[in-house]
Structures are given as structure tokens and as C-alpha cells.
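[1] test case, fold it:
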Amino acid sequence: MNGGDRQRREGRGLWWAWTLLLVAVVAAGGFVATRTGLLDVDRVEVVGPAGRLSAEQLRAAAEVRVGVPMVEVDLGAIDRRVTALPWVAEVGVEREWPGTIRVSVSQRVPVVNGVDPVGGLALLDRTGIVLEWTATADTGLATIRVDALGPPGSRIPGIEPLLRAAEAVTPDLGRWIVALAPTGDGVRAELVGGVDAELGFGEDYRDEMRSLATVLTRVVLTCLVTIDVSIHESPVLLRDESRC
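    Model prediction:
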């Protein structure tokens, strides 16, 4: 091997050595940089429509410590912890470099009071999820009767007709209806004064509620026991003279 070949080989070897050293330095620098104060968590930002849970409560549930390296934050674990809250419907978690963890939250909305046979009360969302046990009913919401109330976060099965009927209750009817209860023939509205309104099985119960409102405002209510609006075009009234 002549001197020129030897020099070229040595030059190539030196070039590769410097290249590998540069790559190692860059990789080490990147590793160190992600663990310096420049890329630590500076804040946890909670975004989304206002709801029952405050931003402070949601940050506490996220359990992200300010000052930890951004790359060490487990986004999936944050999602699971926040989603476990009964009031939370959906969660999105992302890193926003250099130092923010953003938690986007959609909260559930109570639509009815649920009451069990022993008088237990809870707020339910539109899918039948128990949001929170309460001591008193929310007077702004309709009340439905259920067989049992599970713990917050659980869903009550088989109450879809009650939820649909509750959604159709207008403010004027809400003053008349004490509670909505399930029956073998659908849904019954228990009215003030001990009168029952049979609603049957409705697609969305809006027609049945309109028919009931018409009866309550245009018919003499003396001695009434039952108002059947399950066939909303032809309401039927049952009176009991002994109650007059």
C-alpha cells in the first residue's frame, strides 16, 4: 500500500470518528436539554366550557407537578385520572412546548333529578349517568323515579323513556309534574293533587306533553284521577266523583 492510499484511509477514518463524536454530542445535548429547567412543566392549563368542576379541581385530578421534565409527563395517565371524575365527559391532553401541559375538558350537564324507592336523590346526565348524590332536588330539573341509584359515575340502565320524557317537559308543565315514573305501559307523570297522566311510549314525548298542557289549561280539573294522553290526538279523562 503506497503512502497516498494510507493517507486517504486515515483521512476517512478520522472523518468517521469526528462524525460519530458529533452525533454523540448532539444526542447528549438533546437529552440534557429536555431535562433542564428550560423544558420543565411551568403550568397546567385547563380549557373547555365552564361546568360543575373548577379549573383548580381538574388540575388537582390531573396530578401534574410543576417542575418535572416535559418528556416525563404521562399524558395517558392524566387522561385516565381526569376521565374518572363523574362530571367529566371527554378529555384531551397535549404538550405545548416549551413548558405547558394543556388539558381540554368537556363536562357533563345534569338534566334530571333521580329518586330511588327509599328517597335517595342524585343528579343524572342525559345518558343516565349518576353525577352526584344530593340532599335536595334541583327545582329547575324534572324528577324521575328509578329502581336504584348507583355510585357517581355509574349509568342507570333502562331509563331512556324517562329521560326522553323529562327532556320534553316545558317550564309551564314542570310546575305541574311532581315526578315521572316507569310503568308497564310506558311513562306516567305524577301531577300535583294526586292526578296521574299516562304518557305511554313516545318517540320524544313532545306531542304527549303538548296534549297534556292543553288538557291542564282548557279542561275543568275537578274530580280528575287520570289523564291519558298516550294517544295524544285523543286524550281520555277519568274522574272520580268521590274525590270532588
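[2] residue 187 pairs with what?
    residue 182, residue 200 (DSSP bridges).
[3] got the contact list for it?
    Residue 187 sits next to 161-162, 165, 180-181, 199-202, 205 when contact means CB atoms under 8 Å, 6 or more residues apart in numbering. In short, each C-beta sits where N, CA and C put it, glycine included.
[4] the closest residue to residue 64 other than its chain neighbours: which element?
    Among residues not flanking residue 64 along the chain, residue 44 sits closest, at 4.9 Å (CB to CB, 6 or more residues apart in numbering). For residue 44, the host element (DSSP states H and E) is strand 43-47.
[5] on contacts alone, who are the packing partners of that strand?
    Helices and strands touching strand 43-47, by 3 or more CB pairs under 8 Å, 6 or more residues apart in numbering; DSSP states H and E, are helix 55-62, strand 100-107.
[6] thinking again about what came up before, so what pairs up with the residue nearest to residue 64 in the strands?
    Residues in a beta bridge with residue 44, per DSSP bridges, are residue 101.
[7] that one touches residue 104, doesn't it?
    No - Residue 44 lies out of contact with residue 104 (CB atoms under 8 Å); the separation is 11.9 Å.
[8] does the nearest residue to residue 202 once chain neighbours are set aside count as helix, strand or coil?
    For residue 202, ignoring the flanking residues on the chain, the nearest one in space by CB to CB, 6+ apart is residue 208 at 4.9 Å. At residue 208 the chain is in helix, as set by DSSP: H, G, I helix; E, B strand; the rest coil.
[9] count the neighbours of residue 208 for me.
    When neighbours are defined as other CB atoms under 10 Å, residue 208 has 27 of them.
[10] and if you look at residue 128?
    Residue 128 has 21 neighbours, counted by other CB under 10 Å.
[11] how about it: what's its closest non-neighbour residue?
    Spatially, and ignoring its direct neighbours in sequence, residue 128 is nearest to residue 156 (4.5 Å; CB to CB, 6+ apart).
[12] for residue 92, see how far away residue 114 is.
    Note on residue 114: its distance to residue 92, by CB to CB, to the nearest Å, is 29 Å.
[13] likewise for residue 213?
    Counting by CB to CB, the gap from residue 213 to residue 92 is 42 Å.
[14] then residue 231?
    47 Å.
[15] in the chain, where is pLDDT below threshold?
    1-38 (pLDDT under 70).
[16] just the strands in it please.
    For the chain, strands defined by DSSP state E occupy the ranges 43-47, 88-96, 100-107, 112-115, 121-124, 130-134, 142-145, 177-183, 186-191, 196-200, 224-228, 236-239.
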